[in-house]
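Q: Quick one: sequence plus predicted model below, questions after.
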Amino acid sequence: MVNKMMIYIIKRILLAIPMILILMVLTWIFAQLMPGDPSSNFPLGTPPEVIAAYQEKFHLNDPWYIQFKTYFINFFHGDLGISSSVSPNEKVSDYIRIALPRTIEIAIIPIVLVPIIGIKTGLISVKYKDKWQDTLIRVFAVLLVALPSFFLGMLFQYLFGIILPDATGDWISLPVYGVKTPGGADPPFVTGFRIIDSILANDQYLLKDALIHMILPVLCLTALSFATITRQTRASMLDVLENDYIRTSRAKGASEKSVYNKHALRNALIPTVTIAINRIGGILAGSAIIEMTFNYKGIGYGLVKAIETNDYWMIIGIVIVIGVINIFSNLIADIIYTIIDPRIVYE
């Protein structure tokens, strides 16, 4: 079993290579369809020699196949291009190196906690089916699913930025934008994660500043993901509990707790795990709207700004990073399936 799993993992990793190459090709093609070329998006007043050097570096005045060859060669040398508008003249790889940890910081709590809380809440909903507990959970979940993420973010901003500070004399007040206090310092760069770097620098002020600026974006991402997992768990459990083998277990005298935990839960969790794992890439990509709402300059914020300004290389670099995360998230999901249900065997 272990050997088969290892072989399967190796196969999937090898399969990921052509998938990443296809992603690179498609991203480059779609970027080519954008109006203008990367050099046309530099801010007004950029010296002509800077633009000329940029065009020469990436062969923008050469035929498409030369540009395509340059793109691939640069990529495998770790060069994802140079931003023309989001962060002018900065390497895209350097921007991602700073922005991606910021997004991971606000995404890690939803990724870890939401499946646990959502599954538990879904089970409570099933246990009290059609009672007030179930109704309350379902109404709350539907509301969270129905609310656009930017609107939920604006509600939190209004609540924690205006209503509660006014009502409590600023005793309850949270920052509603940015990754740090305006004019505040950054911890010395070690990992790119502001929390970790603040701890390593032994700077309690920077640590507190980083944490309080994360609270509202984390709450939004958690609320939106929580609703999806809760509804899926409830639906899966209700479907599984209608199967014949559940009735047989009950007829044999198995306790309700045993029926839920031993017989039903493992099978019901498989579709839920699929959604939970796929939410990893979804949270990283979907954080774009939340980051824009809170002006939280992570990778999602960079992607939206790049699309707004046609920042060619920034779009390609960020899309590839998100795509790679999604590819390996699916691999993790397949591995977790075998832990939940040992009957699943990969060839």
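A: On my side now, so go ahead.

Q: which intervals of the stretch 1-150 of the chain have sub-threshold pLDDT?
A: 1-2, 36-37, 39, 41, 43 (pLDDT under 70).

Q: Where do the strands of it begin and end?
A: Shown for the stretch 1-150 of the chain, no strands are assigned by DSSP state E, counting those that start in this stretch.

Q: same thing with the stretch 151-300 of the chain?
A: Assigned strands in the stretch 151-300 of the chain: none (criterion: DSSP E, counting those that start in this stretch).

Q: remind me which residues of it are low pLDDT?
A: If you take pLDDT under 70 as the line, the stretch 151-300 of the chain has these spans: 256, 261-263, 278-286.

Q: Can you point out the buried residues in the helix or strand that contains A333?
A: Here A333 sits within helix 312-340, counting by DSSP states H and E. By 16 or more other C-beta atoms under 10 Å, the buried positions in helix 312-340 come out as 312-323, 325-327, 329-331, 333-334, 336-338, 340. Glycine gets a C-beta too; all of them are placed from N, C-alpha and C.

Q: just stretch 260-272 next, same as before
A: Buried, per 16+ other C-beta under 10 Å, within stretch 260-272: 260, 263-265, 267-270, 272.

Q: Kindly report the same for stretch 189-206.
A: 192-199, 203, 206.

Q: Which of those fall in helices?
A: Per DSSP state H, helices hold the following members of the buried residues of stretch 189-206: 194-199, 206.

Q: Quick check: phi and psi at A185.
A: Phi and psi for A185, reported as degrees, to the nearest 10, are phi -90, psi 160.

Q: which one is it nearest to, not counting chain neighbours?
A: Spatial nearest neighbour of A185, excluding adjacent residues (C-beta to C-beta, 6 or more residues apart in numbering): L206 at 6.8 Å.

Q: now the buried residues of stretch 189-206 as a markdown table including distance to G118?
A: Shown next, in a markdown table, are these (distance: C-beta to C-beta, whole Å):
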| residue | distance to G118 |
| --- | --- |
| G192 | 29 |
| F193 | 25 |
| R194 | 27 |
| I195 | 24 |
| I196 | 27 |
| D197 | 31 |
| S198 | 30 |
| I199 | 29 |
| D203 | 35 |
| L206 | 32 |
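
Q: farthest-separated two in these?
A: Put simply, by C-beta to C-beta the two of the buried residues of stretch 189-206 set farthest apart are G192 and D203, 15.8 Å from each other.

Q: which ones are touching F150?
A: By C-beta atoms under 8 Å, 6 or more residues apart in numbering, the contact set of F150 is 289-290, 292-293.

Q: give me that answer again for 10 Å
A: 220, 289-290, 292-294 (C-beta atoms under 10 Å, 6 or more residues apart in numbering).

Q: Could you identify the most distant pair in those residues?
A: C220 and M292 (11.6 Å).

Q: more neighbours, the two?
A: C220 (27 against 20; other C-beta atoms under 10 Å).

Q: Now intersect the contacts of F150 with the helices, please.
A: Short answer: the contacts of F150 in helices (DSSP H) are 220, 289-290, 292-293.

Q: Among these, which one sits closest to P101?
A: If you rank the ones in helices among the contacts of F150 by distance to P101 using C-beta to C-beta, I290 comes first, at 16.2 Å.
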